[in-house]
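J.: no sequence on hand, only this structure:
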């Protein structure tokens with residue numbers, strides 16, 4: 001081999017060595033960069049975990065420690081997670097949620113096959129999120145009250161398919177009428193066609209009723225709460241319109257068995273005073289507890305007061321002129337559905353009526 005060839009080979013080897021050195025340096029820098037990014041990702045992951053724990057603890061503090069009731073430990077309860085395909089839209093929830101209403105079709109569906117990966121139901125998924133929210137013990141009464149007649153009809157059709165009777169109990173008045181008139185369904189113990197006063201349960205000495213039993217007026221007695229009246233049993237949601245001298249009226253619910261027509265009933269049921277916005281009950285909260293200021297100045301003739309008993313959440317709430325005052329009573333205990341619209345009437349000439 002000539003000296004020239006040796007020099008050329010040496011140059012090629014040196015070039016290759018330089019290229020390898022450059023590539024090695026690039027790989028080293030890349031490795032260091034990847035390690036740096038890995039450390040950053042680990043730091044971010046740790047920060048997210050800490051924030052998640054903070055949010056969970058914050059939720060616990062807000063909800064009195066009950067916010068974890070919907071959290072399912074991933075490792076130990078995967079068999080309890082259920083996937084539904086409703087008309088092409090998938091939902092994930094738990095067996096406990098789907099079977100909480102004992103009349104729902106899910107009780108039968110989930111018993112028939114415990115190994116099904118996804119349950120397909122050929123229904124419109126439009127209202128299923130609202131139905132599922134109800135089964136998750138969320139209050140859907142406001143959304144229902146804001147629905148049009150057409151939307152309520154579609155919603156009721158789905159509820160009847162899934163056979164969830166607890167939703168039917170919280171339908172607004174127009175929904176109950178649809179249930180009766182369009183679907184020919186009458187809930188046991190619930191008079192759909194008319195919300196009215198029960199002539200057997202009023203102070204007949206001091207109070208007079210209209211012929212249709214929708215309007216009541218105090219015509220005798222002193223200015224005290226010793227003139228009581230009850231409405232039709234099973235009316236879980238009703239609305240009244242104030243006509244005259246109603247600013248010291250007690251509005252609420254109570255059971256038939258505890259009613260006394262000639263003595264104050266505010267220690268026997270669940271009432272709000274529409275003059276002060278304070279609430280009264282034999283149970284918690286204490287008598288005369290502050291509830292809302294929305295009633296102040298809104299108890300004039302023509303105003304409407306709505307009372308809602310949610311037998312699924314065991315709560316009672318009120319509205320004044322369509323404005324939601326929130327939950328007034330929790331953990332309401334009612335025996336065998338015995339609950340009625342109830343009123344303690346104070347002033348002479350007080351007059352009001354049920355409205356749709």
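T.: Sure, I can see it. Fair warning: this is a prediction, and the values are worked out from it, not measured in the lab.

J.: low-confidence ranges, the stretch 201-350 of the chain, go.
T.: The stretch 201-350 of the chain contains residues with pLDDT under 70 at 233-234, 284-287, 336-337.

J.: all strands in it, in order from the N-terminus.
T.: Assigned by DSSP state E, counting those that start in this stretch, the stretch 201-350 of the chain shows strands spanning 207-209, 215-218, 228-231, 237-244, 250-254, 270-273, 278-281, 289-290, 304-310, 315-320, 323-329, 340-344.

J.: now swap in the stretch 1-150 of the chain and tell me
T.: For the stretch 1-150 of the chain, applying DSSP E, counting those that start in this stretch gives strands covering 81-86, 89-94, 119-121.

J.: ranking those strands by burial, who's on top?
T.: strand 81-86 (a mean of 17; mean count of other CB atoms under 10 Å). Glycine gets a C-beta too; all of them are placed from N, C-alpha and C.

J.: how far does that strand sit from the chain's center?
T.: 21 Å (CA atoms, centre = their mean, to the nearest Å).

J.: now do stretch 211-223
T.: On CA atoms, centre = their mean, the centre of stretch 211-223 falls 35 Å from that of its chain.

J.: and if you look at stretch 82-98?
T.: For stretch 82-98, the distance to the chain centre is 19 Å (CA atoms, centre = their mean).

J.: out of the strands of the stretch 1-150 of the chain, flag the one nearest residue 276.
T.: For those, the distance to residue 276 is smallest for strand 89-94, at 42.5 Å, taking CB to CB.

J.: returning to that earlier point: now mean pLDDT and distance to residue 176 too, for the strands of the stretch 1-150 of the chain, in JSON lines please.
T.: Shown next, in JSON lines, are those (pLDDT from 0 to 100; distance: least, CB to CB, whole Å):
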{"stretch": "strand 81-86", "mean pLDDT": "93", "distance to residue 176": "26"}
{"stretch": "strand 89-94", "mean pLDDT": "94", "distance to residue 176": "28"}
{"stretch": "strand 119-121", "mean pLDDT": "92", "distance to residue 176": "26"}
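
J.: for residue 262, find the nearest of those strands.
T.: strand 89-94 (50.8 Å).

J.: not counting its own residues, what contacts that closest one?
T.: Applying CB atoms under 8 Å, 6 or more residues apart in numbering, the contact partners of strand 89-94 are 72, 77, 80-85, 118, 125, 128-129, 132, 135-136.

J.: what's near enough to touch the closest residue to residue 316 other than its chain neighbours?
T.: The shortest distance from residue 316 to any non-neighbouring residue, by CB to CB, 6 or more residues apart in numbering, is to residue 329 (4.3 Å). Counting by CB under 8 Å, 6+ apart, residue 329 touches 270, 279, 281, 283, 285, 315-316.

J.: could I get those as CSV with neighbour count and distance to residue 160?
T.: Putting the contacts of residue 329 into CSV (neighbours: other CB atoms under 10 Å; distance: CB to CB, whole Å) gives the following:
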residue, neighbour count, distance to residue 160
270, 25, 30
279, 25, 35
281, 23, 34
283, 13, 34
285, 15, 37
315, 19, 24
316, 25, 26
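
J.: could you list the low-confidence segments of the stretch 1-150 of the chain?
T.: For the stretch 1-150 of the chain (pLDDT under 70), the answer is 1-27, 45-79, 112-116.

J.: helices along that one, start to end?
T.: Assigned by DSSP state H, counting those that start in this stretch, the stretch 1-150 of the chain shows helices spanning 3-62, 95-98, 106-112, 128-135, 141-145, 149-162.
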